[in-house]
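> how would this look folded up:
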Amino acid sequence: YLTEVADWWASNLDAWTYTTNSLLDPELPAHYERLNTVVVGNPDHDSLHQGKIPIRNLAPDVQSEFPVDDVVDAGFLQLVDYGIRPPHDPHILKSVQVVDKVIKVELPAGPSWYRYNHDGYGEHENG
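The predicted structure is shown next:
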């Protein structure tokens, strides 16, 4: 039974968490999303990409909800680590491009990445 459930999750993973309508970069509209809520039994996978994600670690006076399609992190790389997707899967490669364009920063010691875009953890006006 558990193998069947795992296979079902793996077969629906992209429908639940991969968007082709992101506005983060017009040249890169497809990537894995940071988070998503799946409604069990909902056959309309397209509706999953129309909601908003609340980012709870932002200041109270700034926007704290963002379109599901427009929040990205590198958590999808766990799909490769766990053997669910191969490293050269087109969705993985496209998502890496988006992550590098959106949350990668160059520091004196080399590149680093934010946890996800819009993340407010540790960010203050004075550094």
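> T20: what's it in contact with?
29-30 (CB atoms under 8 Å, 6 or more residues apart in numbering). C-beta: built from backbone N, CA, C; applies to glycine.
> that one and Y32, how far apart?
Using CB to CB, to the nearest Å, T20 is found at 11 Å from Y32.
> do H91 as well
7 Å.
> higher neighbour count, these two?
The neighbour count for H91 versus Y32, taken as other CB atoms under 10 Å, is higher for Y32 (26 against 18).
> which residues does that one bridge with?
Beta-bridge partners of Y32, counted by DSSP bridges, are Y18.
> packing partners of the helix or strand of the chain with the lowest mean pLDDT?
Confidence across the helices and strands of the chain bottoms out at strand 52-54, with a mean of 82, counting by mean pLDDT, DSSP states H and E. In terms of contacts (3 or more CB pairs under 8 Å, 6 or more residues apart in numbering; DSSP states H and E), strand 52-54 is packed against strand 65-67.
> hmm, back to that, find residues that contact each of H91 and Y32.
Joint contacts of H91 and Y32 (CB under 8 Å, 6+ apart) are 18, 76.
> distance between the ends of stretch 16-32?
9 Å (CA to CA, to the nearest Å).
> how far is it from where the chain is centred?
Centroid displacement of stretch 16-32 relative to its chain, using CA atoms, centre = their mean, to the nearest Å, is 9 Å.
> ok, now stretch 93-113?
Put simply, stretch 93-113 sits 14 Å off its chain's centre (CA atoms, centre = their mean).
> where does pLDDT dip in this structure?
Counting by pLDDT under 70, the chain contains low-confidence ranges at 35-50, 123-127.
> picking up where we left off before, okay, now the sheet partners of the least confident helix or strand of the chain, with direction.
Here, using DSSP bridges, strand 52-54 pairs with strand 65-67 (antiparallel).
> so what touches the partner strand?
Outside strand 65-67, the residues that touch it by CB under 8 Å, 6+ apart are 23, 51-55, 118.
> just put these in a markdown table and tack on distance to P108.
Formatted as a markdown table, these follow (distance: CB to CB, whole Å):
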| residue | distance to P108 |
| --- | --- |
| L23 | 32 |
| G51 | 39 |
| K52 | 36 |
| I53 | 32 |
| P54 | 34 |
| I55 | 28 |
| H118 | 25 |
